[in-house]
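this one's structure only:
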């Protein structure tokens, strides 16, 4: 009886801990994001990131983003991709543009686990503008606009972090409302 009660209490405590840990992550695209799943396993559940998921698959980056990390991914929404000139996404998804697409997507990834509080501190420490080097070789500039983090790409386009700190087993996702592009 005592062992059974201990087991029930332990299971209940574990379920409560899992619920609390799970509840800390924001919803993205109408889906719960589990901090125990990797970037890809969470992203496929977001209805706001179907274009990003299709692009990651077309660029051959699924296994990379399922890797150990840590990664910080600035994840453009479907609406962000829709802001690109007409036909851009369809063109990039073609097999012959795989390398170019991969370069663009890697301009959204940093080899670090950077929560918004850490990014905000770096911006403050750098007097309002922090350079962010991506795995794609792009330089983004992180700034604050009120209480929101913004990113400026090499072309001068600005995206705002709309949902921050979505914890993943291999890093963190920050949802953004624009697509970051390399200079050339």
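Everything's here; your move. Note that the structure is predicted; figures quoted are calculated from it, not measured. Numbering: from 1, shown residues only.

residues touching residue 105, list them.
55-56, 59, 61, 136 (Cβ atoms under 8 Å, 6 or more residues apart in numbering). No exception for glycine: its C-beta is placed from N, CA and C like everyone else's.

residue 136 reaches residue 101, doesn't it?
No. Under the criterion of Cβ atoms under 8 Å, residue 136 makes no contact with residue 101, lying 10.8 Å away.

have a look at these two and say which one is more surrounded.
residue 101 (21 against 16; other Cβ atoms under 10 Å).

ok, the more buried one - contacts?
Each residue near residue 101 by Cβ under 8 Å, 6+ apart is listed here: 55, 58-59, 92-93.

that older thread, among the contacts of residue 105, name the ones in helices.
Within these, residues falling in helices by DSSP state H are 55-56.

so among the contacts of residue 105, where is pLDDT lowest?
Lowest pLDDT among the contacts of residue 105: residue 136, with 93.

looking at the protein, which strand is longest?
When the chain is parsed with DSSP state E, its longest strand is strand 158-168.

list the helices and strands that one packs on?
Packing contacts for strand 158-168, counted by 3 or more Cβ pairs under 8 Å, 6 or more residues apart in numbering; DSSP states H and E, involve helix 39-43, strand 71-76, helix 116-125, strand 148-152, strand 171-176.

how far away from the center of its chain is the third one?
I take that to be helix 116-125. The chain centre lies 17 Å from the centre of helix 116-125; the measure is Cα atoms, centre = their mean, to the nearest Å.
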